[in-house]
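Engineer: below: sequence and its predicted model.
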Amino acid sequence: MDYKQMTAPCGIDCFNCAVYHAGENEKLRNRVAGNLGVAPEKAVCKGCRNENGTVACLNMTEPCQVYQCIQKKNLQFCFECSDFPCDHLHPYADQASNRPHNTKVFNSCLIKKMGLHSWAETKAKKVRDTYFKAGFKL
């Protein structure tokens, strides 16, 4: 697995995303399509970098602001930027329970601290599982 290619510049782990895995699994693709309200053939994604910063199943026609920013600054990841974290990584409440976008800064910090490969192999799935399945802790 090419973790650099399959990790979005913002820190989202595309390699653990159901929409990415839906490309290989018809049953999952149908479930994802139902959840997103799109046709099954649109319920797939090859990862942020492979899609040039767009996600077709979300009807994106332009790359997201994060992708445009790292391209302009010639960076690989947001944490490499002197402006990190910036408002491009702001967590939003809309669909937060359905999409892992609120994990961007946390994942980015972990990638910077642990290194991409170590994070991808040992921590990324745990972060995603905690975000979607664990209870809130103080």
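Structural biologist: Thanks, I have the structure now.

Engineer: how much space between residue 121 and residue 16?
Structural biologist: Residue 121 sits 12 Å away from residue 16, going by C-beta to C-beta, to the nearest Å. Quick note: C-beta positions are derived from backbone N, CA and C, even for glycine.

Engineer: equivalent analysis for residue 100, please.
Structural biologist: Remark: distance between residue 100 and residue 16 (C-beta to C-beta) = 8 Å.

Engineer: name the residues contacting each of the two.
Structural biologist: The overlap between the contact sets of residue 100 and residue 16 (C-beta atoms under 8 Å, 6 or more residues apart in numbering) consists of residue 128.

Engineer: who has more neighbours, the two?
Structural biologist: More neighbours surround residue 100 than the other of residue 100 and residue 16, with 20 against 17 (other C-beta atoms under 10 Å).

Engineer: residues in contact with the more buried one?
Structural biologist: With C-beta under 8 Å, 6+ apart, residue 100 has these contacts: 12-13, 17, 128, 131-132.

Engineer: same deal with residue 86?
Structural biologist: Contacts of residue 86 (C-beta under 8 Å, 6+ apart): 69, 78.

Engineer: mind checking pLDDT for it?
Structural biologist: For residue 86, the pLDDT comes out at 94.

Engineer: repeat for residue 135
Structural biologist: 81.

Engineer: can you tell me how far it is from residue 42?
Structural biologist: Residue 135 sits 33 Å away from residue 42, going by C-beta to C-beta.

Engineer: just send the contacts of residue 100 back as JSON lines, with neighbour count, distance to residue 62 and secondary structure too.
Structural biologist: Output for the contacts of residue 100, formatted as JSON lines (neighbours: other C-beta atoms under 10 Å; distance: C-beta to C-beta, whole Å; DSSP: H, G, I helix; E, B strand; the rest coil):
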{"residue": "12", "neighbour count": "23", "distance to residue 62": "18", "secondary structure": "coil"}
{"residue": "13", "neighbour count": "23", "distance to residue 62": "23", "secondary structure": "strand"}
{"residue": "17", "neighbour count": "20", "distance to residue 62": "20", "secondary structure": "coil"}
{"residue": "128", "neighbour count": "18", "distance to residue 62": "26", "secondary structure": "helix"}
{"residue": "131", "neighbour count": "16", "distance to residue 62": "27", "secondary structure": "helix"}
{"residue": "132", "neighbour count": "12", "distance to residue 62": "28", "secondary structure": "helix"}
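
Engineer: this completes my enquiry, with thanks.
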